[in-house]
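A structural model of the following input is requested.
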Amino acid sequence: MELLTPAIGLLFWMLVVFVILVVILRVAAWKPIMNGLKEREHQIQSALDLAEKTRADMAKLQSDNEKLLIEARAERDSILKAAKESADRLIAEAKDRASIEGKRIIEDAREAINNERVAIVAQMKKEIVTISLDIAEKVLRKELGDKSAQEKLVTDLAKEARLN
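Numbering: from 1, shown residues only. Take a look at the predicted model:
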């Protein structure tokens with residue numbers, strides 16, 4: 001059993017070495033270890049703060065994005081409405097111009113028809129006069145075949161011409 005129970009001297013030296021080791025560790029290693037732990041704790045806290053700040057920024061960005069989407073939709077709707085109104089206005093103007101142009105074409109056609117009718121009537125009158133003269137000439141040749149009838153007609157026409 002002597003092997004299992006250490007001697008008092010051994011215990012004393014073990015205690016002295018342990019105390020010296022604790023003092024050396026305290027001076028040489030304890031402060032750097034504690035400083036490292038404090039620095040690590042500070043880094044972890046900074047990372048947590050940064051994560052919280054990032055989460056808040058993301059929430060703010062998301063709400064800003066939603067506002068921008070709402071504004072963009074409203075602007076899109078107003079642009080579409082303006083475009084539709086513009087298209088409707090252009091269509092109405094085109095219809096008005098087409099109606100005016102159609103009326104003008106109809107008036108031009110009526111005027112052309114009237115001019116044609118006047119020209120045709122004048123042509124017909126001219127032809128009627130020509131035909132009438134031809135007929136009158138033939139009738140006169142036949143009736144005024146002798147010279148005395150011609151002289152009598154010429155004197156009658158000369159008298160009439162002087163009266164008018």
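
next, the buried residues of stretch 11-23.
Within stretch 11-23, no residue counts as buried by 16 or more other Cβ atoms under 10 Å. C-beta: built from backbone N, CA, C; applies to glycine.

what is the rounded mean pLDDT of it?
Taken as a whole, stretch 11-23 carries a mean pLDDT of 91.

using PDB, write out every CA atom in that stretch.
What follows is stretch 11-23, C-alpha atoms only, in PDB (Å, rounded to 0.1, in the frame of the first residue of the first chain):
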ATOM      1  CA  LEU A  11       2.700  16.000  -1.900                       C
ATOM      2  CA  PHE A  12       4.500  19.200  -0.800                       C
ATOM      3  CA  TRP A  13       6.600  19.300  -3.900                       C
ATOM      4  CA  MET A  14       3.700  18.500  -6.100                       C
ATOM      5  CA  LEU A  15       1.800  21.400  -4.500                       C
ATOM      6  CA  VAL A  16       4.700  23.800  -4.900                       C
ATOM      7  CA  VAL A  17       5.100  22.800  -8.600                       C
ATOM      8  CA  PHE A  18       1.400  23.200  -9.100                       C
ATOM      9  CA  VAL A  19       1.300  26.700  -7.500                       C
ATOM     10  CA  ILE A  20       4.400  27.700  -9.600                       C
ATOM     11  CA  LEU A  21       2.700  26.300 -12.700                       C
ATOM     12  CA  VAL A  22      -0.500  28.200 -11.900                       C
ATOM     13  CA  VAL A  23       1.400  31.400 -11.400                       C
END
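
off-centre distance for it?
Here stretch 11-23 is found 90 Å from its chain centre; the criterion is Cα atoms, centre = their mean, to the nearest Å.

how about stretch 147-156?
The answer for stretch 147-156 is 91 Å, by Cα atoms, centre = their mean.

ok, now stretch 45-55?
So, by Cα atoms, centre = their mean, the centroid of stretch 45-55 is 46 Å from its chain's centroid.

can I get that stretch in CSV, CA atoms only?
Extracted C-alpha coordinates of stretch 45-55, given in CSV (Å, rounded to 0.1, in the frame of the first residue of the first chain):
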residue,chain,number,x,y,z
GLN,A,45,-21.4,40.0,-30.6
SER,A,46,-20.3,42.2,-33.6
ALA,A,47,-21.4,39.5,-36.0
LEU,A,48,-24.8,39.2,-34.2
ASP,A,49,-25.2,43.0,-34.2
LEU,A,50,-24.3,43.0,-37.9
ALA,A,51,-26.8,40.2,-38.6
GLU,A,52,-29.5,42.1,-36.7
LYS,A,53,-28.7,45.3,-38.6
THR,A,54,-28.6,43.4,-41.9
ARG,A,55,-32.0,41.8,-41.1
